[in-house]
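> How does the following fold in three dimensions:
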Amino acid sequence: MVSGPPNEAYDDAETVLRLALHEDAEAVAGTFREVRHRSGMSGVYDVAVCLAAAMVGDGARVGGWTLEFPDIDQAAYDAKWVARFVSAYVNADRPTGEALVGAALADGQLRECLVSLAGSAVATLRRRA
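This is a model prediction of the structure:
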């Protein structure tokens, strides 16, 4: 469920993508801070889901996906987080997605993870263009 007005998460995700397109990590992080202040962690989660959806696109089957990321345990925290969050999204596994957001917050890594997710979404969209 999207928090706030029906299109709020989509509008916020559009803002995040636009800022990430211009490689403005501080503004991306600032937008997520504003979302958190306005809509709480559920709002942050909703925007992150919108970014994951933009990465995955319309053609993916939901459910039954496995994460294939060679040497993921050696990757940086944010890279592991993005891979696992997108995997949770594709598998329609909201509890895991929410747990990942909570773990990144507890570890003090949420900002970096969300900025990385936005950058990954932009890179994916650029490759598709």
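
> low pLDDT regions in the protein?
Within the chain, the ranges that satisfy pLDDT under 70 run 1-6, 60-63, 65-67.

> Secondary structure element for the most centrally placed residue in the chain, which one?
The centroid of the chain falls nearest to A48 when counting by Cα atoms, centre = their mean (3.2 Å). Secondary structure assignment for A48, by DSSP states H and E: helix 25-56.

> The residue nearest to the centre of the chain contacts L110, doesn't it?
No - with contact defined as Cβ atoms under 8 Å, A48 does not reach L110; the gap is 9.7 Å. No exception for glycine: its C-beta is placed from N, CA and C like everyone else's.

> Between those two, which contacts overlap?
V101 (Cβ atoms under 8 Å, 6 or more residues apart in numbering).

> ok, and the closest non-adjacent residue to Q109?
Residue nearest to Q109 in three dimensions, not counting chain neighbours: Y77, with 5.2 Å by Cβ to Cβ, 6 or more residues apart in numbering.

> now swap in R94 and tell me
Nearest to R94 is A88, by Cβ to Cβ, 6+ apart, at 7.6 Å.

> how near is the one you found to L100?
6 Å (Cβ to Cβ, to the nearest Å).

> show me what contacts the residue nearest to Q109?
Contacts of Y77 (Cβ under 8 Å, 6+ apart): A104, D107, Q109, E112, C113.
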